[in-house]
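K.L.:
predicted model, plus sequence, below.
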Amino acid sequence: MITITALWMPIVLSAVAVFLVSSVLHMALKYHQADYKRIPNEEEALAGIRKAGLSPGYYHFPYCESMKEMGTPETAEKMRRGPVGMLTLMPNGPMSMSKPLTIWFIYSLVVSLFVAYLAGRTVASGADYLAVFRVAGATAFLAYGLGQLVDSIWKGMPWSNTLRAVFDGLVYSLVTAGFFGWLWPR
């Protein structure tokens, strides 16, 4: 068994590497630009949302208080007429990337911490690179990759968006696994 403190270097370096690789994937390669679409008549749609006075949050429409209400003819008609969807509203003002990027880095550290915990309890000191890589990579993929599927299953996210995110998760997992395999205690 290897303690987490003995794995501090792969924890930190893999998180830094994932942060940097994610920056390249999102800013340089630009394949995530396909994740979002423009609302036609955007100004008109935004005026309607402004008029509703919604605070930041996550909204579902048409909204139902219960399963019973969901089964009513009125709700069925609303669903048929549409639109049906979910809406995430953030606070007004200029978008700042500092808070999400900070949280993303902390998340990457937490993932690497759990990778260290599981690998440290299942892979012996001195194990070969590939043995460490397998455990670390599979563990990291559970956090970075598979969790993305939930958005398409329950939130209506287009599968193409989710598959791009799963691909990102695979890349992050390989990077994480590489650092753990390389820096594993001998």
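P.N.:
That came through fine. Fair warning: this is a prediction, and the values are worked out from it, not measured in the lab. Numbering: from 1, shown residues only.
K.L.:
now the strands for the chain?
P.N.:
Under the criterion DSSP state E, the chain carries strands at the ranges 57-61, 85-89.
K.L.:
find the residue at the geometric middle of the protein.
P.N.:
Gln148 (5.8 Å; C-alpha atoms, centre = their mean).
K.L.:
re earlier: out of the strands of the chain, nearest to Lys30?
P.N.:
Taking C-beta to C-beta, strand 85-89 is the member of the strands of the chain nearest to Lys30, at 22.3 Å. Where C-beta positions appear, they are placed from N, C-alpha and C, glycine not excepted.
K.L.:
so which elements touch that closest one?
P.N.:
In terms of contacts (3 or more C-beta pairs under 8 Å, 6 or more residues apart in numbering; DSSP states H and E), strand 85-89 is packed against strand 57-61.
K.L.:
and Trp159, how far from Asp35?
P.N.:
Going from Trp159 to Asp35 by C-beta to C-beta, to the nearest Å gives 12 Å.
K.L.:
my error: substitute Met97 in the last question.
P.N.:
Distance from Met97 to Asp35, by C-beta to C-beta: 16 Å.
K.L.:
which of the two has more residues huddled nearby?
P.N.:
Asp35 (14 against 8; other C-beta atoms under 10 Å).
K.L.:
my guess is that one meets Thr162, correct?
P.N.:
No. Contact criterion C-beta atoms under 8 Å: Asp35 and Thr162 do not qualify, at 9.7 Å.
K.L.:
quick one: contacts for the nearest residue to Ser152 once chain neighbours are set aside?
P.N.:
The spatially closest residue to Ser152, leaving aside those adjacent along the chain, is Thr162, at 4.2 Å (C-beta to C-beta, 6 or more residues apart in numbering). Residues near Thr162 by C-beta atoms under 8 Å, 6 or more residues apart in numbering: 148-149, 151-152.
K.L.:
report the buried members of those.
P.N.:
148-149, 152 (16 or more other C-beta atoms under 10 Å).
K.L.:
just checking, which of the residues you listed belong to helices?
P.N.:
149, 152 (DSSP state H).
K.L.:
now tabulate the contacts of Thr162 in TSV and tack on pLDDT and distance to Ser173.
P.N.:
Below are these laid out as TSV (pLDDT from 0 to 100; distance: C-beta to C-beta, whole Å):
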residue	pLDDT	distance to Ser173
Gln148	94	12
Leu149	97	15
Asp151	94	18
Ser152	96	19
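K.L.:
CA-only coordinates of stretch 27-46 in CSV, if you can.
P.N.:
Extracted in CSV, the C-alpha atoms of stretch 27-46 (Å, rounded to 0.1, in the frame of the first residue of the first chain):
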residue,chain,number,x,y,z
MET,A,27,-8.8,27.2,-27.0
ALA,A,28,-6.5,26.0,-29.8
LEU,A,29,-8.4,23.1,-31.4
LYS,A,30,-11.8,24.8,-31.2
TYR,A,31,-13.9,21.7,-31.8
HIS,A,32,-16.1,22.6,-28.9
GLN,A,33,-17.4,25.6,-30.8
ALA,A,34,-20.0,23.2,-32.2
ASP,A,35,-21.4,22.6,-28.6
TYR,A,36,-23.5,25.8,-28.7
LYS,A,37,-26.0,27.2,-31.2
ARG,A,38,-27.3,30.8,-31.5
ILE,A,39,-30.9,31.4,-30.7
PRO,A,40,-32.7,32.8,-33.8
ASN,A,41,-34.2,36.3,-33.0
GLU,A,42,-31.8,36.3,-30.0
GLU,A,43,-32.7,39.9,-28.8
GLU,A,44,-36.4,39.1,-28.8
ALA,A,45,-35.9,35.8,-26.9
LEU,A,46,-33.6,37.6,-24.4
